[in-house]
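>>> give me a model of this one.
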Amino acid sequence: MTLEPLAFMAPGKIGRLVLKNRLVRAATSETMATDDGDATEELVRLYSDLARGGAGLIITGHIYVEPRGQYEPRQLELDKDSRIAPLARITEAVHRHGGVIFAELSHAGSQSLIPEIVPLAPSIVPNAIFARPPFEMTDGDVENVIADFGAAAARAQRAGFDGIHLHSGNGYLLSQFNSPFSNRREDRWGGDAQKRERFILEVFRAVRHATGPDFPISARLGVVEYMKDGPEGATVLSALEQVEVGVDEDGDAITSCIVVPIEGQPAPAVKTKRRLSPAQQLALAALPEAILEHGEPAPSGLQLPASITKVVTLEHWRDRLRDRGIIADDDTNPRQTFKRMREALQCKGLIGCTDKLVWPAA
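Numbering: from 1, shown residues only. Next up is the predicted model:
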């Protein structure tokens, strides 16, 4: 019996960058830098080992772009040129083993754990996790941090990184500007969704200007918030749409807390104003997995978007939901399961179906 090659081991592309496979080592904080933020031999060994593991793309832990943006001790920093040479040892080690590596750039904002830092934030709203009262950024502060992201990106490029990953999730500064909970401003950086989004788009433009037209830029986006005492419907309603008009227009990958689409990989288009629970997000995330593993050629006669070439049976999606513990092991009715999951996901407009097939909506 000949086994079909695994779809995620096929080459993928981010912009013009070709990846040997679609396995991505997600950004994970290391806390292995020196006390003042330089790369160490410990980090060189870590990323050398990760590159030998064979992932198509490695993303570093978050690297802060200016001193007030530090989240935790022993975190990497890219605030000055002297950081470049130590970081170059990491990229050289990764490239030596045939790897590709992006630098994740971040700013902690109000979520800093460093006692000596007075945290910066869009508004004077105590941090939702650590309750530290921040300093409200002036217009000049905002412009300076945007410039800091651009300068850090240029240094990362000089250090040999293959791309930039912007961290706009997990409650850090980029996501704080997007959030109606933490951004209460009434100037050009806040007040409505479009103005709240201005900050991340300006950061992207600064990074693009600093690195050139073809350098890959990806982003982690916090899409849905769950704030007990936050504004009603505190959801980043257009987080993905803003990337489509900003980052994606230059051919860059989009990553989010729900799906990680790379060119050639089917994935649901997540565009909804409805809030999804963690369980619902897991259920939605199971769909592209099922398509990648069990996808079938789209049958003729179905009115599908041109971009959709694979579909998957309800049985295979059900199996994925069972594997994730979202439905019970003894659930044997795939049509009823799909009906319940469709209702639970509130996903009209996200997923199309016939009696036996589902596919990502355009």
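>>> give me the neighbour count for the closest residue to residue 52 other than its chain neighbours.
Computed as CB to CB, 6 or more residues apart in numbering, the closest residue to residue 52 that is not its neighbour in sequence is residue 97, at 5.0 Å. The way it works is simple: take the backbone N, C-alpha and C, and place the C-beta from them, glycine included. Residue 97 is flanked by 14 other residues according to other CB atoms under 10 Å.
>>> same question for residue 201.
Neighbours around residue 201, by other CB under 10 Å: 16.
>>> swap in residue 30?
Neighbours around residue 30, by other CB under 10 Å: 18.
>>> how about the contacts made by it?
With contact set as CB atoms under 8 Å, 6 or more residues apart in numbering, residue 30 has these partners: 43, 46, 60, 61, 74, 76.
>>> what of residue 60?
Contact analysis of residue 60 by CB under 8 Å, 6+ apart lists 27, 30, 47, 76, 90, 101, 102, 103, 104, 165.
>>> and it, that's in a strand?
Yes - secondary structure of residue 60 (DSSP: H, G, I helix; E, B strand; the rest coil): part of a strand.
>>> from residue 51, how far off is it?
12 Å (CB to CB, to the nearest Å).
>>> what of residue 215?
20 Å.
>>> what's the answer for residue 179, then?
The value you get for residue 179 to residue 51, if CB to CB is used, is 35 Å.
>>> joint contacts of residue 60 and residue 51?
Common contact partners of residue 60 and residue 51 (CB under 8 Å, 6+ apart): residue 101.
>>> how about the strands of the stretch 1-150 of the chain, start to end?
Using DSSP state E, counting those that start in this stretch, the strands of the stretch 1-150 of the chain run over 12-14, 17-19, 24-25, 57-64, 101-106, 120-121, 135-136.
>>> those strands: which one's closest to residue 316?
Of all the strands of the stretch 1-150 of the chain, strand 12-14 sits nearest to residue 316, with 21.9 Å by CB to CB.
>>> report all helices and strands that that closest one contacts.
Under the contact definition 3 or more CB pairs under 8 Å, 6 or more residues apart in numbering; DSSP states H and E, strand 12-14 sits against strand 17-19.
>>> buried residues, the strand it packs on. List them.
Within strand 17-19, the residues that count as buried by 16 or more other CB atoms under 10 Å are 17, 19.
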